[in-house]
Structures are given as structure tokens and as C-alpha cells.
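Visitor: pasting the structure only:
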């Protein structure tokens, strides 16, 4: 059964990849997806077709340049237009971009170098609080107690410092990664996991409690408002002139900001993907793999394991730092709630679901989990609440009596948890395994003891 | 032959009691000494003056007067941590694996125990219970909590850990995290589906909230809540029972054999899987009992209640030397004391700059420092008793 399925899919792929077919299929899919989402901005199947069309650019065999052109056209032209029509999709795509970058960063630590990190959100938090502090009025409030109301004082820095702070976020998070990395170099395996967990919790608690003696983080209430970069002069007008007939209404300032943040996030993700690709097969990437497989032998081959592990921590952290700055600016609000252990495990779920160590897999994992989180679960919740309000009876069960506590959006943990367990038992290498991982985890169960037993 | 055997058994019972006394007094004495030294150092500081202005006593007197209460609180919470830590340490000893879901096993035990008390309360039994009956009902709740938590631990092992026993440690660890998350939401789902609230409050009954006055220092009365006494006594009884089972029975010997070498143990005719299940059962039951005690002490529980005590108990297990039963007791006690001291004095000594909210962080810091600098824990590897 499985074999025939495999061969059938191979036949299908061969058919799709013959001659010019892929170009027609891909462009057709994109037009179809665009039309569907354009026509009915709220339909989920339409959106899924669009996502599928976007992914077809990647898996159909086409000329590299054309692939690239299509991807750029899709990302820079089509998505903003659709997003301006329905902001929700822009939010979805933005979150996918943010979590892809986070998952790719974690993938460097967990996937490439085999160091399990449960405190990854700490780096994200540091990036976010970095801009939250300097990009708000907070520096003027150091000596005051927690407030939630906006003040009349000016912002501490001009808004366009934001772009510099993306790079500063990279640097600060990388330094923090080194700081975490230094003491834990001697620790391996599960002890490392626990230490990083403790580290993540410490950072969160600091964010929660550093409202005194000096009010750095405004405590549990979080910092707001945080500045967004200024919209370039005239761009909004130009954009409106061009796309207003397509979008159907004037793009407001707020919508334009959403598009701007989406584009910045896209840039960051592309940068992250390029860096990750270049690292994967570089000398450093191979050294990481060697350390992951067997630290002792790697050492015997002349690899400086300590230096490279620190490097992995720093690189992984830096991605999260950049995304943190972006996140703070796009939300104009940060609070410790965003950086919980749940979120760290959520990102880990993305990495593991997609395929630990595999770049495509990780992006797919981030996409699937994000879609599940903010779209599928939400519409399921909506569906249930509609059922609740209706008089429908199913097999003698009155939907009216369904408890309103049964709200799937609240049960992410259940889903993450079950996904993690099932993946570990049935597909430890993930949905789209990295080629190397596949060999090593698929082959013999005994030989896979990569991380060593304990410190 | 009979008498020595009897002596050995008696020793197995008396030894943990002796250890407990030593650990409690030792940890308490060291913490108190450090605190009093700090008080001497801080004399004349801003904190001292602030205290003199508000309470009319110097920092040394203040510290000294509040010491007994802090020690009692630290001891109580220390025993709870020790009971949870035993679950981590037993599983680690047998499988070299951090059972991350143990904190949710603990929460499950707490919920089942509290639910059974709520059910009893609905029947109207608790309101009019005499003191003796109240203790019996509490015992019943403890048993329910132990049974459910132990059962769940065995189930979790069977479903999520056994298929991964030969996988890399991290694979099993991730699976354990998954179980932990899934259990949290399962508890929440069931609790909120039944009543619409996901937290539970233990019904008040018996005389558990009363305070027994012990002695006075100056004008201050040092007292202990009845429920703290219950927690301490129950924890000591469980420790003794566990030590006896692991140290002096055939089953305990089998568990120790499996911990030492699974293959050889199997060759000796020991059913390894059964022994591992038993380990999870015992560890889970201890966790469940700790959960009920925790609920009794802190009255309100929610599905995420396990996370903090779980991490702290794990820190305690590592601090004492993971895989080592005595170490878990020592670690729990030290951690409980430090936490209690941090909670009581941090705010006063830093003049409110760093308050009791940092006491959780103290546990994390201890965890990091111990793992980095002394991964074998206080008692190290050389202690032969390894369950």
C-alpha cells in the first residue's frame, strides 16, 4: 500500500515536472489561489490553496531565476495586496515569518549542533525588550512606579533608530547567547536542556520583576507604547495610487504599517535562510554536525568544540534577537507573558515537526504550527461557538449544552504535547527530514545516541 | 539469623528518621548561621535604620526573632519538595532519564485528592466531621491522589517512554515534555468541562487551619499550622516506607538491580519492565501524595500548579545528587530552607528593591550553579544506595 502510494506520487511528480508543465501548473495555482483569496477574503480553503501555490514554487522543478522571480512577485506584490484586503492574512504571514526565523535559529542550536535549548524565548525577549526600552518613554520612567497610562514625555529615541536596533538586537542576543553558552559548555544532554530552561525562566522572571528598584521593564504590565519606524514620506500615497483600484479601498496608515512590518520580517527571514544555508554545508556547519554526532571524535579531528558550541549558541540567539526587535515594534507592546516556556516549546515543536536539522522542514514546521495556532484552531473555536448558539442536535446531544470552556484555541499545550510525543515515537526525524538525519535516525535505532548520556 | 534480620529492618526504619533529623537541623542551622552573620554585616546599614524606624528593632533582633517561623516554613515546604524529588530521582536512577512529566503527575494527584474531598464535602461529610474523621478523610484523599498519580505515571511510561527506551536521551526528554504539556491541558479540559472553572480550592474541614503555639520569643509567638504538622508527618512516614521497601525487601533489591544493570538483572530472572513500571508507580504515588499535601498547604490549585514545584524539586534532586534517595531528601530540605529564607529576608535586607518574588529565581540559580559546578550533587556518586 505504502509502496504503491510512493510510486504513484513519483509518477505524478514526473508528470508535473515534464517540459513546460511546471510553469503552467505553478502560475495556474498562483492565479487560482490569488483569485480565491481575492474573491472571498475570509475563506480558509482559498487561503490554503494560496499557501499550496506558494509552496509549489519551491517543489516544482523550474528554472532558478524564474522560481526566484515568481517567489519575489508573490511575496512582494500579491501578498501585500491580499493583506490590504484582509489584514488577518497579513498577520498570519507575518507570524509565519517571525516563527520561521525563530525556528531556524533554534534549529542551528538543536538541529545542527545537537544542543537542546528550552530557553530560546529568552533571546527573543531580550531583543524585544531592547527596543521596547529604548524605543518608548521607559528611560524617563526609571524612577517612577509601574504605570499603564501613556505619558506626555517625548519618546527617548527617534523612531528610525529602529533599523539600527535590529542589528543591535542581533549583537546583544548573540552576546547573551555567549554568556549562556560559557558556563554550560561542560554540560551535555538532558542537563543542558534543564539549564537552558532555568535560564529562560530567569530571564522571564527578570522581565516580570525589574520594575524596581529601577523601573526597567514596567513589570507584568509590560511596556507600551513602543515606537514604529516612520513610514517613508509619500510611499503610502504612491502605494494607494497604484493599488487602490485592486484593493478596493484606501489603504490606511495602520494597514500600511502591517505591510511594512511584513516586508521587514520577510527581509529578515530571507537573510536568516541564506545564512543558515551557507552555514549548513560550510566548514562550521560540518563541524557542528561532527560535534553533534560525537564530541570526542570531533575533538580528535582537531575541531575546537567549545568555540563552535559557543558559536552555535550565538548565531541561534542572534536570529531571535533581531526578530524580537521587530516584534516589539510591530506590536507596540511587550510583556513577559509572550516569552513563556510554552512559547519556547512551541518553537521546538515547529523544529521537530518539520524535521530537525532540515531548513525546508523547519520553515514548513513553523508554517504548519502557526497556521494551526492562529487559523485552524480559531476557526474551529468559532465553529463550535456557532454550533453552541444553534439549536442543532447531534446523536441526541444538544450543542447548546456544550460547555463554553471547550475552546480549542486555549488548548495549544495539548496539541503541542501530543504532536511532540507522536513525532518522537513515529517520526523522530520530522515530516521533511534532513538528508543526513534521515540516514542516521532511520537506519539503526541503537546507533543514534548522538548527545551522550549525561554531563 | 532471625534477630540480625530484624535488626537490619529496624535499622532501615531508624536510619532515614535519623537522616531526616540531621538534614533538617543541619540545613536549618547553617542557613540560620549565615543569616545571623549577614545580619551582623548589615548592622547600621540603610535596611537596619529602616527597620528601626518602622518596627523599633534592629536588624539583628528582627532576624533572630523571625528565625524559628522561617525555619518551620522552610522545613514544611522542604518536605514537599523532597517527596516530589524522590519521584525524579527514582526514575533517573533506573532509566537515567528526566521524567519531565513528573510535575504534572504531581498536579494530577493534587487534583484527584482535592476532587475526592470536594465530593465528600458535597455529601455533607466534611462539614460535621470530628477531628478523627477529618484525618481519615484526608488520608483517603491522600490515597486517592497517590493511586491516580501512580497509575498515570505507569500509563505515561507505557505509552510515551517505553517505545523510546533505546532512543537518544533527548528524544525521550522531548517526549516527556510533550506528555507534560498534554497532561496540563487534559487536566484543565476535564476540570473546566465539569464545572466551568479550571482551578479548585480545597474545602475547609477539620482543624487543619488551626495554629499550635509552640513558644514565644519576646512578644512574638512562634506557631505551626496543624496542616504543616500533617505534611511533615506524612512526608516522613512515606520516606521511611520508601527506604524500607527499596532497602530491605526483595522487590526493592530487584529495583536496585535494574538500576545497576538492566541486562544482568534480566538474566537473574528479574522482570525489568515490571520493575520499571513499579518504579514509576512508586515515584508517581509519592508525587501524588505530595500534590495533595501541597493543595492542603496552599489551598488553591490549578492545572499549571506542578511546573514551579516540579522544577524546584528537580533542582532539589540534582542538588542532592540525582539517582540518590537520601540526596533527594537533603536537596529538598536545603532548597526549602533557602527559599524560605530568601522569601522572608530578601525584601527586608535590600529595602524592598528585591522582594520575595525573587525566591523562584533563587531555585533556578541554584539549579544552574549545581549542574555547572557539581553535576553529581552534594552527596556525589559515591553513595552506594541508588534506587
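Guide: Cool, got the structure. Quick caveat, the model's predicted, so the values are computed rather than measured.
Visitor: domain map for chain A?
Guide: Split into domains by automatic domain parsing, chain A comes to A:1-85, A:86-448.
Visitor: what's the closest of the ones you listed to chain B?
Guide: domain A:86-448 (2.9 Å; Cβ to the nearest Cβ). Every C-beta, even on glycine, is put in place using the N, C-alpha and C of the backbone.
Visitor: that's a helix at residue B:216, yeah?
Guide: No. Assessed with DSSP: H, G, I helix; E, B strand; the rest coil, residue B:216 is strand; it does not lie in a helix.
Visitor: pLDDT on the host helix or strand of residue B:113, on average?
Guide: Assigned by DSSP states H and E, residue B:113 falls within helix B:102-122. Throughout helix B:102-122, pLDDT has a mean value of 93.
Visitor: likewise for stretch A:145-162?
Guide: pLDDT averaged over stretch A:145-162 gives 72.
Visitor: okay, the closest residue to residue B:87 other than its chain neighbours and chain A: tell me how far apart.
Guide: Residue nearest to residue B:87 in three dimensions, not counting chain neighbours: residue B:283, with 3.5 Å by Cβ to Cβ, 6 or more residues apart in numbering or on different chains. Using Cβ to the nearest Cβ, to the nearest Å, residue B:283 is found at 17 Å from chain A.
Visitor: on that earlier part again, pick out the shakiest of the domains of chain A, pLDDT-wise.
Guide: Among the domains of chain A, domain A:1-85 has the lowest mean pLDDT, at a mean of 80.
Visitor: thinking again about what came up before, could the domains of chain A go into CSV alongside distance to chain B and mean neighbour count?
Guide: Below are those laid out as CSV (distance: least, Cβ to the nearest Cβ, whole Å; neighbours: other Cβ atoms under 10 Å in any protein chain shown):
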stretch, distance to chain B, mean neighbour count
domain A:1-85, 20, 15
domain A:86-448, 3, 19
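Visitor: my guess is residue B:156 contacts residue B:101. True?
Guide: Yes. Residue B:156 is within contact range of residue B:101, at 5.6 Å (criterion: Cβ atoms under 8 Å).
Visitor: now the common contact residues for those two.
Guide: B:179, B:183 (Cβ atoms under 8 Å, 6 or more residues apart in numbering or on different chains).
Visitor: those two: which is more packed in?
Guide: Per other Cβ atoms under 10 Å in any protein chain shown, whichever of residue B:156 and residue B:101 has more neighbours is residue B:101, with 32 against 26.
Visitor: do I have it right that the more buried one meets residue B:155?
Guide: No. Residue B:101 is beyond contact range of residue B:155, at 10.6 Å (criterion: Cβ under 8 Å).
Visitor: pull out the buried residues from the helix holding residue B:113.
Guide: Residues of helix B:102-122 classed as buried: B:102-118, B:120-121 (neighbour count, 16 or more other Cβ atoms under 10 Å in any protein chain shown).
Visitor: packing partners of it?
Guide: Packing contacts for helix B:102-122, counted by 3 or more Cβ pairs under 8 Å, 6 or more residues apart in numbering or on different chains; DSSP states H and E, involve helix B:59-95, helix B:131-156, helix B:169-195, strand B:200-201, helix B:272-298, strand B:300-301, helix B:307-320.
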